[in-house]
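> Got a predicted structure plus its sequence, pasted below:
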Amino acid sequence: MTADRRPMALSKAEIHLWLSGDRVDSDKAARCRSLLSVDEKQREARFVFERDRARHLLTRTLVRAVLSRYEAVDPADWVFSTTAYGRPEIAGSMARGRDLCFNVSHTAGLIVLGVTRGRALGIDVEYLQPLADLWGIAEHAFTPAEVAELAGLPAELRLERFFQHWTLKESYIKARGMGVSIPLQGFGVQLAQDGLAKLDIAPQLSDQSSRWQLWQTSPAPGYVLAICAERVQQQSPTIVARRLVVFDREEI
């Protein structure tokens, strides 16, 4: 698999979302594995369950294949590093001269990769599955206002609202790139009817709500997806979604 000689256009006014399933047959798995680094292959081998190995394999292949649509780099040639907080990014030597930013999230049955230029980006996708300890998690991770909102909803709406809040909060943490060092109760989200959301950030987090824009959508029935992107010159980016079947076809 070689890089496209005519890179796909991606302006700073756009965020591209690439969606993929998380299952792969043995023939495609071998092709995917041929693109991975030694470290990525070693991490794949450490997973106990086949579904986790397949998800890791497809996630790393998706990142490599998609980035090569924007830059004339073969998918196997990308080099990545990890920040002190565990966030993967294009290694410094390769990132020089490129302003590509990406973030990836996966859940049961779905992998989502976000790509943009010149702005911090965080995404989180979750499958709406029942939670045995929904209230325990909410009381630990949500602000009092978020817990009160959840409690005020009819029982049949609480699960989806829980995951709406959860994915928005996760997308912000991932956009900041600081992992669990950001306390989940240190900021709250307010959902709007138009799919947008607002942040309410405590002063001790040293950040401004106006720096970020958040969206929420459902990429497929039973899934919730949240996107958090840094504002660049107060510009609101356009979101373009594509579905990629690795080594097969692309659907817009």
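Structure received. Keep in mind the model is a prediction, meaning the values are calculated, not measured. Residues are numbered from 1 along each chain as shown.
> now the strands for the protein?
Here the chain has its strands, by DSSP state E, at 14-20, 80-82, 88-90, 100-107, 110-117, 121-127, 187-191, 196-201, 212-217, 223-230, 238-245, 249-251.
> Considering those strands, which stretch scores lowest in mean pLDDT?
Per-segment confidence across the strands of the chain bottoms out at strand 249-251, which has a mean of 47 in mean pLDDT.
> Not counting residues beside it along the chain, what's closest to the residue nearest to the spatial centre of the chain?
Nearest to the mean C-alpha position of the chain, counting by CA atoms, centre = their mean, stands residue 123 at 3.1 Å. Nearest in space to residue 123, with sequence neighbours left out and distances taken as CB to CB, 6 or more residues apart in numbering, is residue 114 at 4.4 Å. From N, CA and C alone the C-beta is placed, and that goes for glycine too.
> Quick check: the one you found vs residue 239, distance?
Using CB to CB, to the nearest Å, residue 114 is found at 9 Å from residue 239.
> cool, residue 6 as well?
Plainly put, residue 6 is 23 Å away from residue 239 if you go by CB to CB.
> okay, these two: which has more neighbours?
Set side by side, residue 6 and residue 239 show more neighbours around residue 239, with 15 against 8, by other CB atoms under 10 Å.
> Without its sequence neighbours, what residue ends up closest to the more buried one?
With CB to CB, 6+ apart as the criterion, residue 239 has its nearest non-adjacent residue at 5.0 Å, and that residue is residue 15.
> so what's the one you found up against?
Residues in contact with residue 15 (CB atoms under 8 Å, 6 or more residues apart in numbering) are 114-116, 121, 227, 229, 237-240.
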